[in-house]
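Chemist: Need coordinates for the below:
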Amino acid sequence: MILTPEKNKNLLETLIEFAYAEYGSAIEMLAAAKKTNSAKLKIGYIYHALDEYRHTFLILKVLKNQIENGRGNFKKHYKFNPQSVIKKGYVDKEGFLVEKLSTKKFVEFVYSNEYLAQEAFDGLKKNINDIQSLNIIENITEDEKKHSDDTIETLDDIMKDELRHHGHAKNFYLKTFPESKIEMAFMREKIKNKLRLFYYKNIKFLTKIIDPIIHFIIFCFGKVVVLIDIPTQNRENLLKINEKSVL
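Modeler: Below is the predicted model of the structure:
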């Protein structure tokens, strides 16, 4: 996963981001399976990818349950589009992680981000639990309670998978790189993850400000160019002599 989904007050927006993050993780695992020459690792990566694909489906199911429970209305961008995994940055268009990182760095990334994902899902679960508790006070219906219970159970299952992935990565790392300090690697990845989130959130904000300014400057420049009159000795406009000329 390139970006851990940010904590969002809008539960439905957060859920769709989690779905894309898990889908991106699945694609990264398939790329890792393709690259490795180890049959054992290849199988492990494929099983990991299948888990992440299943998580994507389950999170979209949770999204559907939350909408049916009246948490909000369905929006067009809630419809899952696989291509958006690249647009949103969960898979880098310049290449897969396993292609850009050494085996050691890649395992550090998986080890750290699987644990961070588990923490993120735990936060999501608490968010939904708080909403459910509030609705119980407001006389929640049986169907709504069933949807909420199914949601909590689903998130518990996903968190168990994430911790299992984390454990497998840790065991492989300790066996392959016994001299390395895995907790230091975790702290580095945690800091990198926060920096990625900071950059991503601020680049979106800055784009909204800078893009209109750039468009305005281009518009003004175009108006100025039209008015440019470069005279010759005969007072002729060179632009009219040869329209294809850079002058």
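
Chemist: Quick one: neighbours of Lys40, just the number.
Modeler: 9 (other CB atoms under 10 Å). For glycine as for every other residue, the C-beta is placed from the backbone atoms N, C-alpha and C.

Chemist: which other helices and strands contact the helix or strand it falls within?
Modeler: For Lys40, the enclosing helix or strand under DSSP states H and E is helix 39-68. Applying 3 or more CB pairs under 8 Å, 6 or more residues apart in numbering; DSSP states H and E, we find helix 39-68 packed against helix 11-35, helix 142-176.

Chemist: Distance from the chain centre to the shortest one, please.
Modeler: Remark: helix 11-35 is offset 7 Å from the chain centroid, using CA atoms, centre = their mean, to the nearest Å.

Chemist: Identify the structural domains in the protein and state their residue ranges.
Modeler: What automatic domain parsing lists as the domains of the chain is 11-180, 190-247.

Chemist: By mean pLDDT, show me the worst of those.
Modeler: For the domains of the chain, mean pLDDT drops lowest on domain 190-247, to a mean of 63.

Chemist: So which of the helices and strands packed on helix 39-68 is the most surrounded?
Modeler: When neighbours are counted by mean count of other CB atoms under 10 Å, the highest per-stretch mean among the helices and strands packed on helix 39-68 falls to helix 11-35, a mean of 22.

Chemist: Which residue comes closest to Ile46 once chain neighbours are left out?
Modeler: Residue nearest to Ile46 in three dimensions, not counting chain neighbours: Ala33, with 5.0 Å by CB to CB, 6 or more residues apart in numbering.

Chemist: ok, now which ones touch the one you found?
Modeler: With contact taken as CB atoms under 8 Å, 6 or more residues apart in numbering, Ala33 is in contact with Leu41, Lys42, Ile43, Tyr45, Ile46, Ala49.

Chemist: can you check Phe186 too?
Modeler: Here Phe186 is in contact with Glu108, Tyr111, Ser112, Tyr115 (criterion: CB under 8 Å, 6+ apart).

Chemist: Looking at those, which are in helices?
Modeler: Judged by DSSP state H, the contacts of Phe186 include Glu108, Tyr111, Ser112, Tyr115 as members of helices.

Chemist: And for the second one, the neighbour number?
Modeler: Spelled out, it's Tyr111. Counted with other CB under 10 Å, Tyr111 comes out at 24.

Chemist: same thing with Thr36?
Modeler: 16.

Chemist: hang on, the earlier thing: which one of the domains of the chain has the most crowded surroundings?
Modeler: Of all these, domain 11-180 carries the top mean neighbour count, a mean of 17, counting by mean count of other CB under 10 Å.

Chemist: Tell me the one of the contacts of Phe186 nearest His55?
Modeler: Checking the contacts of Phe186 against His55 with CB to CB, the nearest one is Tyr115 at 15.2 Å.
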